[in-house]
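> next comes the sequence, and after it the predicted model I'd like to discuss.
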Amino acid sequence: MNRMDIDILGISEMKCTGNGHFRSANNTMMYSGHKTHRKNDVGMIITNQVPKLTIGYKVVNNGIINERLKAHPVNMTYIQVYAPTTSVETADIADFYGSLHSAFNETPKKEVVIFMGDWNSKIGRGDEPGMVGRYGL
């Protein structure tokens, strides 16, 4: 984060249990995980400059977390996701997108919303310069 001058970093596929936050020397980590097993969780790392601007963060579930920041001219909300793969039950996928829709609807209407994360989508095969992975088309 320091080398690339990144202040807010979303993380998918964390390996933590429960949810909460902690502070290190340079960063603050917020995370959301399952209660008992370490898989398919999300988190956000922010530099210690950003908490001064933090309005708050909300754990929606183990796959969705958001953070609201004071900004000018309007506040911003970052929503970090780790979407389920197509191998899970259709009802679980519907629950995830229902929770995401609710999280978005709870965001004040005048705020800038930035969605980030791993959407687990594959829309084509083949390499394209500047894209990540073989499924970037």
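That came through, no problem.

> so who does I65 touch?
By Cβ atoms under 8 Å, 6 or more residues apart in numbering, I65 lies in contact with 19, 30-32, 42-44, 57-59, 79-80. For glycine as for every other residue, the C-beta is placed from the backbone atoms N, C-alpha and C.

> swap in 10 Å and give it another go.
Residues in contact with I65, defined by Cβ atoms under 10 Å, 6 or more residues apart in numbering, are 10-11, 14, 19, 30-33, 41-44, 57-59, 78-82, 103, 117.

> so of those, which ones are in helices?
A103 (DSSP state H).

> can you select the buried ones from the contacts of I65 in ChimeraX?
Restricted to buried positions by 16 or more other Cβ atoms under 10 Å, the ChimeraX selection for these reads:
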select :10,11,14,19,30,31,32,33,41,42,43,44,57,58,59,78,79,80,81,82,103,117
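
> so which of the contacts of I65 sit within strands?
Among the contacts of I65, the members falling in strands (DSSP state E) are 10-11, 14, 19, 30-32, 41-44, 57-59, 78-82, 117.

> next, count neighbours for N75.
16 (other Cβ atoms under 10 Å).

> find the nearest non-adjacent residue to it, please.
Spatially, and ignoring its direct neighbours in sequence, N75 is nearest to E111 (4.8 Å; Cβ to Cβ, 6 or more residues apart in numbering).

> alright, calling it a day.
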